[in-house]
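> Sequence first, predicted model second:
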Amino acid sequence: GAGVSQTPSNKVTEKGKYVELRCDPISGHTALYWYRQSLGQGPEFLIYFQGTGAADDSGLPNDRFFAVRPEGSVSTLKIQRTERGDSAVYLCASSRYTNVKTSTYNEQFFGPGTRLTVL
Amino acid sequence: AQSVAQPEDQVNVAEGNPLTVKCTYSVSGNPYLFWYVQYPNRGLQFLLKYITGDNLVKGSYGFEAEFNKSQTSFHLKKPSALVSDSALYFCAVRDITRSGAGSYQLTFGKGTKLSVIP
């Protein structure tokens, strides 16, 4: 079946501009994650959705970053007043429902990422 | 806090030889452990996971990993390397004893570049 898709694949913007990055998860996956990968580093967690709500946004670096998932499927990561330090690859991942009580943990499947360059 | 260390930035191995990519972890409780592979201009692909049970886990493309609790390690192995295995490999951990929504996030290592030489 189709995997996680992300658009655009590349985004170049100027410092101070607003950008939106889109993620379309695997059909039926209720959990959705955003990560950021800087050059030479592993992915760093940003935010996690279970359904429509952000269950954990502890990884968002500051209030310029915001993400939504209004219908429990597609998610948009929004960055206001972009800075050069925001340049990175933004990865989206999805997984089937994860149940804390039963410790059922399903692996995350990643999209190809959006490469954001802030000039 | 949970963390992952991949002590080698790069591993070179001749085609047909066995390969090992090292990973050690630190969590306050019990870990879930994962290996992902990243090819150029492509997303991370899941290789294998350790949740519970046998310490030797088998995954995709002939890879396996051994969980060693006493050494807090989860090294990735393959008996015979292929040139097509050349890629960036990431180890990741989740602390299953953390409660609350934050326990779902993965913490990744910095990655190890594997080069298989023909």
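Cool, the structure landed.
> Run through the bridge partners of the residue of chain B found nearest chain A.
Taking C-beta to the nearest C-beta, chain A has its nearest neighbour within chain B at residue B:108, 3.2 Å off. In this view, the C-beta of every residue, glycine as well, is placed from N, C-alpha and C. When bridges are taken as DSSP bridges, the partners of residue B:108 come out as residue B:92.
> before we move on, what about residue B:14?
Residues in a beta bridge with residue B:14, per DSSP bridges, are residue B:117.
> what's the answer for the one 5 residues further on, then?
For residue B:19, the beta-bridge assignment (DSSP bridges) gives partners residue B:78.
> returning to that earlier point: what's the separation between the residue of chain B closest to chain A and residue A:112?
Computed as C-beta to C-beta, to the nearest Å, the residue B:108 to residue A:112 distance reads 17 Å.
> rewinding a little: hang on, isn't the residue of chain B closest to chain A packed against residue A:44?
Yes - counting by C-beta atoms under 8 Å, residue A:44 is a contact partner of residue B:108 at 7.4 Å.
> neighbour-wise, which of these two wins?
residue B:108 (22 against 18; other C-beta atoms under 10 Å in any protein chain shown).
> about what we covered before: so what sits against both of residue B:108 and residue A:44?
With contacts taken as C-beta atoms under 8 Å, 6 or more residues apart in numbering or on different chains, the residues that reach both residue B:108 and residue A:44 are residue A:35.
> what kind of secondary structure is the closest residue to residue B:80 other than its chain neighbours in?
Spatially, and ignoring its direct neighbours in sequence, residue B:80 is nearest to residue B:16 (5.5 Å; C-beta to C-beta, 6 or more residues apart in numbering or on different chains). Here residue B:16 is recorded as coil under DSSP: H, G, I helix; E, B strand; the rest coil.
> circling back: so what pLDDT did the residue of chain B closest to chain A get?
What the model reports for residue B:108 is a pLDDT of 95.
> Residues touching stretch B:65-80, excluding its own?
With C-beta under 8 Å, 6+ apart as the test, stretch B:65-80 has contacts from B:16-26, B:31, B:33, B:35, B:47-48, B:50, B:55-57, B:59, B:61-64, B:85, B:89, B:91.
> What parts of chain A come near chain B?
Chain A has residues A:3-4, A:31, A:33, A:35, A:40-45, A:48, A:50, A:55-56, A:58-59, A:91, A:93, A:98, A:100, A:103, A:105, A:107-113 near chain B, with proximity defined as C-beta under 8 Å from any C-beta of the partner chain.
> what about 7 Å?
A:41-43, A:45, A:48, A:55-56, A:58-59, A:91, A:98, A:100, A:103, A:105, A:107-113 (C-beta under 7 Å from any C-beta of the partner chain).
> Buried only: go through those residues for me.
Using 16 or more other C-beta atoms under 10 Å in any protein chain shown as the burial test, the residues of chain A next to chain B include A:42-43, A:45, A:48, A:55-56, A:59, A:91, A:98, A:105, A:107-113 as buried.
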